[in-house]
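S.K.: coordinates only, sequence not included:
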């Protein structure tokens with residue numbers, strides 16, 4: 001028999017007595033109570049609970065919360081013997097057991113007055129976030145609702161926890177972290193908040209009523225972490241807390257806005273990365289490279305000692321857009337496979353960056369899991385827009401998106417709506433450039449979307465639409481402007497250079513439609529030559545000669561090669577050159 005206050009646990013009989021009277025606890029709650037009691041104050045991890053209480057069964061973590069609430073009800077006034085160790089598990093002290101104290105990063109799950117915070121005591125270095133932490137802290141002084149928004153893996157949770165630690169003195173009523181990542185049902189969000197605040201379960205009042213009762217009159221901060229998959233429930237709770245407990249504040253992290261009155265959005269930036277082709281910059285001074293080296297050296301203390309490693313790491317971090325999660329996953333791969341091999345194969349990042357931290361939440365253990373999480377929150381139309389936009393290699397405009405993405409199953413209005421949603425959910429980046437807005441997918445997100453396009457059997461169709469779009473734009477520019485004297489036309493072409501190169505690569509390296517390829521190549525010749533890039537045209541013309549064999553291809557490609565060679569020493573193409581290019585297109 002085990003005793004906890006006035007509670008007796010009769011293990012042999014699988015019965016519980018409260019003040020000598022039987023209490024119907026339920027089989028799973030009894031199994032959990034017995035497991036905790038037999039540990040004699042020792043830590044029982046969440047994984048062990050899942051394994052022992054629900055063997056050979058897949059269940060969500062909310063099941064533990066439900067049984068813990070039942071056990072608290074049984075313990076009554078002795079519920080302060082139950083201790084939660086954040087992110088790890090639980091402890092329960094039995095009679096005459098003094099082992100459960102506030103140690104090993106544990107905090108009691110009693111009334112909120114027994115503690116001031118449940119923030120994790122183990123701090124993770126927040127590379128390059130000093131300025132962001134200051135900004136978030138300042139925003140919390142200006143508004144009672146601050147939402148840290150950004151794509152998956154950008155470091156929202158780390159930033160929120162560090163800012164919350166800085167705010168503990170400001171909020172005398174406590175700072176409470178509510179981890180919503182494992183809450184799969186919106187109806188359980190209120191219970192998760194109550195659990196984080198240590199509100200004692202009872203027969204009277206809902207979880208939200210107990211939360212408000214514990215917060216009223218206090219100057220407290222509630223941090224709602226990972227709201228996106230339960231966004232409506234999280235928004236409702238934030239609004240209720242702020243209206244019913246006006247001395248409190250809410251900080252949230254999400255991939256989109258809560259859309260609650262008074263909300264201030266802080267867009268979490270990527271880490272700074274080395275600039276391309278900047279020989280004067282020390283890559284090791286950028287926060288992205290510092291994170292990369294720190295994670296790699298945590299595995300191998302000698303990592304980075306060879307010449308050139310830091311420079312290669314800088315290039316990797318730049319190609320990963322400074323996203324902390326992607327950088328951490330890449331660092332672990334660099335140790336296992338070698339940094340040069342990692343850099344060489346980074347374009348295959350979707351299936352390459354799969355090694356992660358086993359203790360991380362599932363959605364952060366691989367890049368694929370991160371994007372699966374975001375992708376699952378989109379409608380079918382929004383998913384279609386996302387994967388089709390992946391054919392653009394970098395920036396694109398709204399009209400380009402409509403021209404390429406539109407099909408029978410997705411009309412123009414749905415494209416516009418879908419792009420708005422993707423921007424809201426931090427999957428699509430919008431940048432204002434003067435009067436125009438440009439869009440792009442981050443590199444890892446684009447890799448994920450391209451794979452989805454391939455898996456859906458749409459890759460070739462929409463790559464062809466993209467190539468056709470590039471050809472039409474180039475031909476219109478060529479015929480409608482005096483490109484060899486018109487600086488605006490040349491600037492126009494420079495803004496399309498990524499698209500042009502991508503289209504040429506798709507045509508010539510995948511052996512696609514040769515006529516389309518030659519038309520596309522011919523339309524680019526004057527612009528490439530005017531920019532001093534005639535070698536690129538020659539490369540593709542020679543590739544056409546070696547790849548395809550028939551009279552027209554040989555004649556056209558040879559003509560392009562000779563024309564480019566003749567124009568190499570000229571500052572700009574001459575009229576005869578332009579006429580020759582036009583004649584090639586018209587053939």
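M.R.: Good, I have the coordinates. These figures come from a predicted structure and were not determined experimentally.
S.K.: Can you give me the domain boundaries for this protein?
M.R.: The chain breaks down by automatic domain parsing into domains covering 2-110, 130-267, 283-368, 377-457, 462-586.
S.K.: and of the ones you listed, who's closest to residue 122?
M.R.: domain 2-110 (6.2 Å; C-beta to C-beta). C-betas here are computed from N, CA, C, even on glycine.
S.K.: average model confidence for that closest one?
M.R.: Mean per-residue pLDDT for domain 2-110: 73.
S.K.: quick one: the helices in the stretch 401-550 of the chain?
M.R.: Remark: helices assigned in the stretch 401-550 of the chain by DSSP state H, counting those that start in this stretch are 412-424, 443-455, 459-480, 487-495, 497-509, 514-530, 534-547.
S.K.: could I get the ones you listed as TSV with mean neighbour count and mean pLDDT?
M.R.: Shown next, in TSV, are the helices of the stretch 401-550 of the chain (neighbours: other C-beta atoms under 10 Å; pLDDT from 0 to 100):
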stretch	mean neighbour count	mean pLDDT
helix 412-424	17	94
helix 443-455	21	90
helix 459-480	18	87
helix 487-495	15	77
helix 497-509	20	87
helix 514-530	23	78
helix 534-547	18	73
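S.K.: As TSV, those helices with distance to residue 79 would be great.
M.R.: As requested, those are exported to TSV (distance: least, C-beta to C-beta, whole Å):
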stretch	distance to residue 79
helix 412-424	41
helix 443-455	45
helix 459-480	57
helix 487-495	64
helix 497-509	61
helix 514-530	72
helix 534-547	72
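S.K.: Ok, which of these comes nearest residue 61?
M.R.: Short answer: helix 443-455, nearest of the helices of the stretch 401-550 of the chain by C-beta to C-beta, at 26.1 Å.
S.K.: elements contacting the closest one?
M.R.: helix 349-352, helix 367-375, helix 380-389, helix 459-480 (3 or more C-beta pairs under 8 Å, 6 or more residues apart in numbering; DSSP states H and E).
S.K.: Tell me which residues of stretch 121-137 come out buried.
M.R.: 126, 127, 128, 129, 132, 133, 135, 136, 137 (16 or more other C-beta atoms under 10 Å).
S.K.: Repeat that for stretch 236-252.
M.R.: For stretch 236-252, using 16+ other C-beta under 10 Å, the buried residues are 236, 237, 238, 239, 241, 242, 245, 248, 249, 250, 251, 252.
S.K.: Tell me the one among the buried residues of stretch 121-137 nearest to residue 55.
M.R.: Using C-beta to C-beta, those come closest to residue 55 at residue 126, 38.9 Å.
S.K.: On the three-state scheme, the closest one is what?
M.R.: Per DSSP: H, G, I helix; E, B strand; the rest coil, the local secondary structure of residue 126 is coil.
S.K.: mind checking pLDDT for the residue lying closest to it once chain neighbours are set aside?
M.R.: Once flanking residues are discounted, residue 126 sits nearest to residue 162: 4.9 Å by C-beta to C-beta, 6 or more residues apart in numbering. Looking at residue 162, its pLDDT stands at 93.
S.K.: cool, and the one 10 residues further on?
M.R.: Residue 172 is assigned a pLDDT of 87 by the prediction.
S.K.: count of neighbours near the residue lying closest to it once chain neighbours are set aside?
M.R.: In this structure, residue 172 finds its nearest non-sequential neighbour in residue 219, 5.2 Å apart by C-beta to C-beta, 6+ apart. For residue 219, the neighbour count with other C-beta atoms under 10 Å is 14.
S.K.: Residue 219 touches residue 173, doesn't it?
M.R.: Yes: if you go by C-beta atoms under 8 Å, residue 219 and residue 173 touch, sitting 4.5 Å apart.
S.K.: Residue 46: neighbour count?
M.R.: Neighbours of residue 46 (other C-beta under 10 Å): 15.
S.K.: what about it, distance to residue 54?
M.R.: Distance of residue 46 to residue 54, given as C-beta to C-beta, to the nearest Å: 11 Å.
S.K.: same check, this time on residue 165
M.R.: 34 Å.
S.K.: contacting residues around the helix or strand residue 22 falls within?
M.R.: Assigned by DSSP states H and E, residue 22 belongs to strand 21-23. Contact partners of strand 21-23, identified using C-beta atoms under 8 Å, 6 or more residues apart in numbering, comprise 15, 16, 17, 74.
S.K.: what's the following helix or strand after the helix or strand hosting residue 237?
M.R.: Per DSSP H and E: residue 237 is located in helix 231-244. Per DSSP H and E, the first helix or strand lying C-terminal to helix 231-244 is strand 249-254.
S.K.: ends of stretch 6-23, how far apart?
M.R.: 12 Å (C-alpha to C-alpha, to the nearest Å).
S.K.: Now it: buried residues?
M.R.: For stretch 6-23, by 16+ other C-beta under 10 Å, it's 7, 8, 9, 16, 17, 18.
S.K.: Could you pull up the contacting residues of residue 535?
M.R.: Contacts of residue 535 (C-beta under 8 Å, 6+ apart): none.
S.K.: Now do it against residue 528, distance only.
M.R.: From residue 535 to residue 528 the distance is 9 Å (C-beta to C-beta).
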